[in-house]
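# let's see this in three dimensions:
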Amino acid sequence: MNKSNQTAIGFLGGTFDPIHFGHLRPALEIQQALALQALYLMPNYIAPHKAKSMASAQQRIDMVQLAIQDTPTLQLTTQELLRPSHSYTIDTLKLLREQYPETPLCFIMGMDSLIQFDSWYRYQEILSYCHLVVSHRPGWDPQFNSVISELLRKHQISNPTQLHRSLSGHIYFQSTTQLAISSSEIRDLLATNKSINFLTPQSVCTYIKEQQCYK
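Just a heads-up that it's a prediction; the model follows:
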């Protein structure tokens, strides 16, 4: 592990189709709890054949920008969307490491992703490029298989300041507010002409209506 004298930055991927408070509140809590210099929201690539009922890539970018426009510590990166096809996490992390060679990188995931982390493509290499920050609801005590348990034994830390002292290699658990909101629920409400107010920022609600993103 390379030592660092820079403040870490975070990355949270998702389709954000549309972005909502269930994404935004945990992202802000993680940024503040870990004292990250910024947390970047990273919209995922969606294959064209899967995108018929989805917003376009540009619309998803616009919605993220609207949602975070008054929160300077939350930023947007189009790293995933610039790629011509679906990419594995390891490929994205390699590009981010090239972009930020001397900055600690924190890749944020949910507990459900950690549970199946050993099924990810080249998962053994991921911690050489970043730290993993696992967002979870308070009091959740999941059962891990032997592979994940061993990873945690080797890499888990309890002091978040360690995330800033090295470029990669740690796993840290961060309790966050888990709001029962989903993008698919929002799309279903829109499909039946019901209001989505208070599920996503008003600027996003207005944009969806004006652009007719899910019609």
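
# where in the chain is pLDDT low?
Across the chain, the ranges flagged by pLDDT under 70 are 1, 47-53.

# so where do the strands sit in it?
Applying DSSP state E to the chain gives strands spanning 9-14, 38-43, 74-76, 105-110, 131-136, 171-175.

# and the second one, what does it pack against?
Secondary structure elements in contact with strand 38-43, counted by 3 or more Cβ pairs under 8 Å, 6 or more residues apart in numbering; DSSP states H and E, are strand 9-14, helix 21-33, helix 57-68, strand 74-76. Backbone N, C-alpha and C define where each C-beta goes, glycine included.

# buried sites along the longest one?
Within helix 21-33, the residues scored as buried using 16 or more other Cβ atoms under 10 Å are F21, G22, H23, L24, P26, A27, L28, E29, I30, Q31.

# out of these, flag the one nearest to I181.
Using Cβ to Cβ, G22 is the member of those that lies nearest I181, at 3.8 Å.

# show me the contacts for S135.
Taking Cβ atoms under 8 Å, 6 or more residues apart in numbering, we find S135 in contact with P26, I30, I108, M109, G110, M111, Q174, T176.

# which of these ranks first by neighbour count?
Of all those, the most densely surrounded is I108 (28 neighbours; neighbours counted as other Cβ atoms under 10 Å).

# dump the residue contacts of the closest residue to it other than its chain neighbours.
Residue nearest to I108 in three dimensions, not counting chain neighbours: L12, with 4.4 Å by Cβ to Cβ, 6 or more residues apart in numbering. Shown in contact with L12 (Cβ under 8 Å, 6+ apart): H23, A27, I30, L39, Y40, L41, M42, I108.

# ok, back up a step: Throw the buried residues of helix 21-33 into CSV and include distance to D62, thanks.
Converted to CSV, these look like this (distance: Cβ to Cβ, whole Å):
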residue, distance to D62
F21, 18
G22, 19
H23, 15
L24, 15
P26, 22
A27, 18
L28, 20
E29, 24
I30, 24
Q31, 22
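
# and S85, which of the helices and strands packed on strand 38-43 is closest to it?
Nearest of the helices and strands packed on strand 38-43 to S85, taken as Cβ to Cβ: helix 57-68 at 12.6 Å.

# contacts for the closest one?
The contact list for helix 57-68 (Cβ under 8 Å, 6+ apart) reads 15-19, 24, 41, 43, 45-46, 55, 74-76, 78, 81, 200-201, 203-204, 207-208, 211, 213.

# burial check on P160, number of neighbours?
Neighbours of P160 using other Cβ under 10 Å come to 20.

# cool, and L151?
Look at L151: counted by other Cβ under 10 Å, it has 19 neighbours.

# what residues sit buried inside stretch 163-183?
Within stretch 163-183, the residues that count as buried by 16+ other Cβ under 10 Å are 163-164, 166-176, 178, 181, 183.

# from the residues you listed, which single one is nearest E150?
I171 (11.6 Å).

# hang on, isn't that closest one packed against H131?
Yes: taking contacts as Cβ atoms under 8 Å, I171 lies within contact range of H131: 7.1 Å.

# who touches Q75 in this structure?
Residues near Q75 by Cβ under 8 Å, 6+ apart: A38, L39, Y40, L41, I68.
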